[in-house]
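> Build me a structure from this.
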Amino acid sequence: DVYFLLNKPEGVICSRLNDQEKKLNKKSVYEIFRDKVPSNVYESLITVGRLDEDTTGFLLVTTDGKLVDKITNPKNHISKKYLVETELGITENEISQIKSGVKIEISDNDYYERYVSQPANITLADENIAVLTIKEGKKRQIRRMFSALGNYVISIHRLGIGSMELSNYNINTGEFQEITFDEINQYISK
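Here you go, the predicted structure:
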């Protein structure tokens, strides 16, 4: 198996493009790898979880399905750390609610489900910028959490997973670096 750490750029999706997405000129993270890895590796690549099209930063891409399951399975409680910028200042009330769990709606196609997010760690980096650590990854969860609290997310940048952080690597936006399973296992364990 092979393992890559990608510094995901804004405006790319974390899935293979379907015909509709191609017509809309969407871009996929997989295109970043197309001419840079052997075709058999390219065809087998999978992302470890997904980041929204607008979210940037830390993204593992691998051929190791077991690793994907280990990291993305909510039962394993593996933390994901983000830098979140909001439109309005983040209040003490918002911090308190995020630390205890926020009522949000999760959509799956046309079906909506009410859900309370698991308690998260949040630290202010600036008036409207926070470092947020969550151990789950519902669709557009961070945006929905802040929206439910009356705030709007401007940008999300994933800093890392577990104790493995993008800042420990010299990877420019839109570029990737091959890493080892041992590196991942050392920093991302249950």
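> Return the distance of the spatially most central residue of the chain relative to Ile142.
Central residue of the chain (Cα atoms, centre = their mean): Leu51, 4.0 Å from the mean position. As defined by Cβ to Cβ, to the nearest Å, Leu51 lies at a distance of 10 Å from Ile142. Every C-beta, even on glycine, is put in place using the N, C-alpha and C of the backbone.
> any shared contact partners between the two?
Ile156 (Cβ atoms under 8 Å, 6 or more residues apart in numbering).
> same for the host helix or strand of Phe58, what does it pack against?
In the assignment (DSSP states H and E), Phe58 maps to strand 56-62. In this structure, strand 56-62 packs against strand 3-8, helix 29-33, strand 46-47, helix 65-72, strand 153-161, with contacts taken as 3 or more Cβ pairs under 8 Å, 6 or more residues apart in numbering; DSSP states H and E.
> Might you calculate how far it sits from the centre of the chain?
What separates the centre of strand 56-62 from the centre of its chain is 8 Å, taken as Cα atoms, centre = their mean, to the nearest Å.
> Buried ones in it, by neighbour count?
Thr56, Gly57, Phe58, Leu59, Leu60, Val61, Thr62 (16 or more other Cβ atoms under 10 Å).
> partners of that strand in the sheet?
strand 3-8 (antiparallel), strand 46-47 (antiparallel), strand 153-161 (parallel) (DSSP bridges).
> which residues touch the first one?
In this case it means strand 3-8. 14, 29, 32-33, 45, 51, 55-62, 64, 67, 158, 166, 169, 171-181, 183-184.
> still on that earlier bit, so the residue nearest to the centre of the chain lies in a strand, does it not?
No: counting by DSSP: H, G, I helix; E, B strand; the rest coil, Leu51 is located in no strand; its state is coil.
> hang on, Tyr42 packs against Tyr30?
Yes: assessed by Cβ atoms under 8 Å, Tyr42 is found in contact with Tyr30 at 7.2 Å.
> Between these two, tell me which one has more neighbours.
Tyr30 (19 against 15; other Cβ atoms under 10 Å).
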